[in-house]
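>>> Provided below are the primary sequence and the corresponding predicted coordinates.
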Amino acid sequence: MNDEDISTLLWRLENGEVSEDESDLDEDALDYYDNVGELQADLERENQILEEILTENDGTAPDPPLIFDELVENQPHSNATPSLRDLIWKKKNLDLVDQAFTFLGCTDYPPIIMNLSTPYQYFSYFFDESLLARIVTESNKYAIQKKY
């Protein structure tokens, strides 16, 4: 690691983007991506590498597994976590049923709710004082931890 990498890591650590606990993770753990673009770029790189291997072997390489290797299926269920590299993603349109997303509840508000004039009154109508006190306490703890 060079000085720039170290300073970037320290900055991310101070801002809560990276945890000190992450250093204890296994190298075999799943990769997590900050956004979809990173995941897509990684998968495309792996596909290019696979295509290069296939062209070097004149197409004699075995087909990739559809979902899991057989060895993964034989492992106990608690340890069997699928890796993104073991999956084959298929692109297709999502079939949506309009009725599944239609709100069937009552949309008429009672007069007591319509007469509330501030956001605090509206919030207090649905949530009790104990929840508000908890939010205040946790917000103050967070502010102290972040030294605001």
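Sure thing, it's come through. Residues are numbered from 1 along each chain as shown.

>>> backbone phi and psi for I112, please?
With angles defined as degrees, to the nearest 10, I112 sits at phi -60, psi -40.

>>> what is the neighbour count of it?
Using other CB atoms under 10 Å, I112 has 8 neighbouring residues. Glycine gets a C-beta too; all of them are placed from N, C-alpha and C.

>>> OK, contacts around it?
With contacts defined as CB atoms under 8 Å, 6 or more residues apart in numbering, I112 is in contact with Y125.

>>> how close does it get to N47?
Look at I112 and N47: by CB to CB, to the nearest Å, they are 59 Å apart.

>>> next: L132.
To N47, L132 is 52 Å away according to CB to CB.

>>> which residues of this protein score low on pLDDT?
Flagging of the chain using pLDDT under 70 yields the residue ranges 18-31, 57-86, 99, 148.

>>> all strands of it, in order?
With strands called from DSSP state E, the chain shows none.

>>> mind listing what's buried in the helix ranked longest in it?
Taking DSSP state H as the criterion, the chain has its longest helix at helix 36-56. For helix 36-56, burial by neighbour count (16 or more other CB atoms under 10 Å) applies to no residue.

>>> quick one, phi psi at the closest residue to L39 other than its chain neighbours?
Counting by CB to CB, 6 or more residues apart in numbering, L39 lies nearest to Y33, which is 4.2 Å off, once chain neighbours are set aside. The phi and psi torsions at Y33 (degrees, to the nearest 10) take the values phi -110, psi 140.

>>> around Y33, count how many other residues there are.
The burial count for Y33: 13, using other CB under 10 Å.

>>> against G16, how distant is it?
18 Å.

>>> and what of L94?
34 Å.

>>> looking at the two, which is more packed in?
Between L94 and G16, G16 has the larger neighbour count (other CB under 10 Å), namely 9 against 4.
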